[in-house]
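A.B. asks: Got a predicted structure here, sequence first:
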Amino acid sequence: MARSLKLAATALLLSLLAACAGQTRTAEARPGENPNVLWHIVHGLCAPHLAAFGSPLPCTFVHPSAGVALLKDRDGATQFLLIPTARVTGIEDPAVRAPRAPDYFAAAWAARGNVEALLDRALPRRDLSLAVNSIDGRTQNQLHIHIDCVRADVRDALAAQTRALGPRWTPFPLPLAAHRYLVRFVASQDLRGVNPFVLLADGVPAARAAMGRMTLVAVGATDASGRRGFALLAGRADLAAGDRGAGEELQDHGCAVGHAPNR
């Protein structure tokens, strides 16, 4: 009986995955895409499969106590998505700023080893990044943090502009991926106890009232004094100017920095 139930569950899993195929891309809004695919995968597949059979498939992991799951994105060789197991729509959801909200960014940073495992090499923190897109720059209405390599030009711009990495949000001196961003530095090894969503809402005028239009990125960085931490980058969608507020644009899903020789 147990075997037959497992076979039935596996068949259901495969059929649902087939139905979801082609629906998990999140870099740019596409008409007609199902905006609830990620929620269905985590809530309807990964969590029940873990509870029933001890396996989180198709997710890489599900941590119920931490309230997060990890899913390999079908775009890019090394891209992963950190997804809440609770219903959280996105950057605009007040739940991400609640006093007892899970440390979503910290959990995403802790999962970066999965990127390195696919590359079969360790990466310096400056080569890794986390990104949350705005409403206009996403296809899915379930919060997901993109975990992947950073673009080499973005990494180099941050390294060249360490004086801009301060404790308050300020305009970054250079455009990144042809768009303007605000930047602030957080001195933290792993983002535990740091909530970038709160730092954005509290630190940028009018951001709280327009969180859905904001995008948020964290890149491993070192400030001018040599402290290790993170450069937080925030942008705002401006559709008239062709900016969807997709901080994911600062990532490289081909991970050129991870394949560079003599690193």
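C.D. replies: Arrived safely, thanks for sending. Numbers count the residues shown, from 1 in each chain.
A.B. asks: Contacts for stretch 77-84 next, please.
C.D. replies: Contacts with stretch 77-84, where a contact means C-beta atoms under 8 Å, 6 or more residues apart in numbering, come from 26, 38, 42, 60, 67-73, 102, 104, 107-108, 111, 114-115, 118-119, 130, 142-149, 251, 253-255, 258. For glycine as for every other residue, the C-beta is placed from the backbone atoms N, C-alpha and C.
A.B. asks: okay, now Gly254: neighbour count?
C.D. replies: Gly254 has 15 neighbours, counted by other C-beta atoms under 10 Å.
A.B. asks: surely it meets Gly76?
C.D. replies: Yes. Assessed by C-beta atoms under 8 Å, Gly254 is found in contact with Gly76 at 6.8 Å.
A.B. asks: coming back round to it: which ones among the contacts of stretch 77-84 lie within strands?
C.D. replies: 68-72, 130, 145-149 (DSSP state E).
A.B. asks: And these, which is closest to Ala95?
C.D. replies: Distance to Ala95, by C-beta to C-beta, is smallest for Val68 among the ones in strands among the contacts of stretch 77-84, at 13.1 Å.
A.B. asks: Let me know the pLDDT of the nearest residue to Ala86 once chain neighbours are set aside.
C.D. replies: Here the nearest residue to Ala86 in space, its sequence neighbours aside, is Gly67; by C-beta to C-beta, 6 or more residues apart in numbering that works out to 5.9 Å. Note on Gly67: pLDDT of 97.
A.B. asks: who's in contact with Gly67?
C.D. replies: 84-86, 102.
A.B. asks: Repeat that for Thr170.
C.D. replies: Thr170 makes contacts with 164, 182-184, as judged by C-beta under 8 Å, 6+ apart.
A.B. asks: And it, its phi and psi?
C.D. replies: Here is the backbone geometry of Thr170 (degrees, to the nearest 10): phi -140, psi 160.
A.B. asks: pLDDT at it, what is it?
C.D. replies: Listed pLDDT for Thr170 reads 98.
A.B. asks: I'd like the distance from it to Gly247, if you could.
C.D. replies: In this view, Thr170 and Gly247 are 17 Å apart by C-beta to C-beta, to the nearest Å.
A.B. asks: per-residue confidence for the residue nearest to Ala246 when sequence neighbours are not counted?
C.D. replies: Using C-beta to C-beta, 6+ apart and skipping the chain neighbours, the partner closest in space to Ala246 is Gly137 (3.0 Å). In this prediction, Gly137 carries a pLDDT score of 97.
A.B. asks: just checking, Gly137 touches Gly242?
C.D. replies: No. The criterion here is C-beta under 8 Å, and Gly137 misses it with Gly242 at 11.6 Å.
A.B. asks: So between these two, which is more surrounded?
C.D. replies: Using other C-beta under 10 Å as the criterion, Gly137 and Gly242 rank with Gly137 on top: 25 against 8.
A.B. asks: ok, back up a step: and the contacts of Gly67, which is closest to Ala210?
C.D. replies: Among those, Pro84 lies closest to Ala210 (C-beta to C-beta), at 21.8 Å.
A.B. asks: could you measure that closest one against Pro173, distance?
C.D. replies: On the measure of C-beta to C-beta, Pro84 and Pro173 end up 34 Å apart.
A.B. asks: of those two, who's got more company?
C.D. replies: Shown here are Pro84 and Pro173; by other C-beta under 10 Å, Pro84 has more neighbours (26 against 11).
A.B. asks: For the more buried one, give its distance to Leu239.
C.D. replies: Taken as C-beta to C-beta, the span from Pro84 to Leu239 is 27 Å.
A.B. asks: How many neighbouring residues does Ala178 have?
C.D. replies: 8.
A.B. asks: Could you check the pLDDT of it?
C.D. replies: pLDDT, read off for Ala178, is 97.
A.B. asks: Same question for His63.
C.D. replies: 97.
A.B. asks: The closest residue to it other than its chain neighbours: what's it in contact with?
C.D. replies: Distance criterion C-beta to C-beta, 6+ apart; nearest residue to His63, sequence neighbours excluded, is Ala69 at 7.2 Å. The neighbours of Ala69, taking C-beta under 8 Å, 6+ apart as the test, are 42, 46-47, 56, 59, 61-63, 82-85.
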